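Novice: Next one to model:
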Amino acid sequence: MMKSTVQKAFSMSRNVARGRSFPAVQTYTTKTEDVRVGPGVPPEEMPFHHFRVPFKEESTGKPKRVKFNSPRKKANKMFALIQDEAMNKAKEANPDVHDVHFRVGDAIEMTMVTEGGVDSSQTEKIRGVVLGMDKRGLGTGIYLRDVVFGEPVDRKIPLYSPLLKKIEVLEENFVFKKKRKVKRAKLYYLRDRMAIETRVTKW
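Specialist: Numbers count the residues shown, from 1 in each chain. Sure thing, here's the model as predicted:
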């Protein structure tokens, strides 16, 4: 049998206000019985264990700190992980699009599917000058501007779309003809210039 002493404090101002004459501190003892602790569930079988894995590095010999990825995360973190996995799969599946390096101001040609779904052979080639890019995960897209039959046409094409099959760089620094560098991230001011400056298609 084991005895434990618990001290409970009472406020003197309360006692005085209520007209009671209790002592400031009361002491009483309680008796507790010995409790048998069973084997329980081993840490390896716990669904959510928050302990460090006893893994030692060969060089230092000290236990390595392992970050615990809790499943109870915020929705934005879980969505970011899912989005990163989808982006990596898209890059591996379509290297003709994501392995091509181009910059703002370049003239590019894109091959896209027009009808019949992703596996269709009916494709169309779209040309234009890259005016800017919107990097928003799976919603990443580029702005293309071209002049077709005398009319300026602006398009926004998503880079991670499965309908996009190929990207080819026709000319680097098409805007300034390599006379000077493009120092802006967005070339929207070209919409107010003459249409000849952004004309890539020759008809």
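
Novice: Quick check: longest strand in the chain by residues?
Specialist: In the chain, with assignment by DSSP state E, the single longest strand is strand 123-134.

Novice: what pairs with whichever helix or strand comes after it, and is each one parallel or antiparallel?
Specialist: For strand 123-134, the following helix or strand on the C-terminal side (DSSP states H and E) is strand 141-148. Taking DSSP bridges as the criterion, strand 141-148 forms sheet pairs with strand 123-134 (antiparallel), strand 151-158 (antiparallel).

Novice: For the residue nearest to Gly150 when sequence neighbours are not counted, give its distance to Asn173.
Specialist: Of all residues not flanking Gly150 in the chain, Ala195 sits nearest, at 7.5 Å (Cβ to Cβ, 6 or more residues apart in numbering). From N, CA and C alone the C-beta is placed, and that goes for glycine too. From Ala195 across to Asn173, the span is 19 Å (Cβ to Cβ, to the nearest Å).

Novice: do Val113 as well
Specialist: For Val113, the distance to Asn173 - Cβ to Cβ - is 29 Å.

Novice: One more: Gly128?
Specialist: Taking Cβ to Cβ, one finds Gly128 at 15 Å from Asn173.

Novice: who's more crowded, the two?
Specialist: Taking neighbours as other Cβ atoms under 10 Å, Gly128 and Asn173 compare with Gly128 leading, 28 against 16.

Novice: mind checking how far that one is from Lys183?
Specialist: Distance from Gly128 to Lys183, counting by Cβ to Cβ: 21 Å.

Novice: tell me the mean pLDDT over stretch 146-159?
Specialist: Average pLDDT, stretch 146-159: 93.

Novice: now swap in stretch 169-182 and tell me
Specialist: 92.

Novice: again, but for stretch 40-59
Specialist: The model assigns stretch 40-59 a mean pLDDT of 58.

Novice: Repeat that for stretch 91-98.
Specialist: Per-residue scores along stretch 91-98 average to 93.

Novice: Compute the first-to-last residue distance for that stretch.
Specialist: Terminal residues of stretch 91-98 are spaced 6 Å apart (Cα to Cα, to the nearest Å).

Novice: try stretch 156-167
Specialist: Stretch 156-167: ends 14 Å apart by Cα to Cα.
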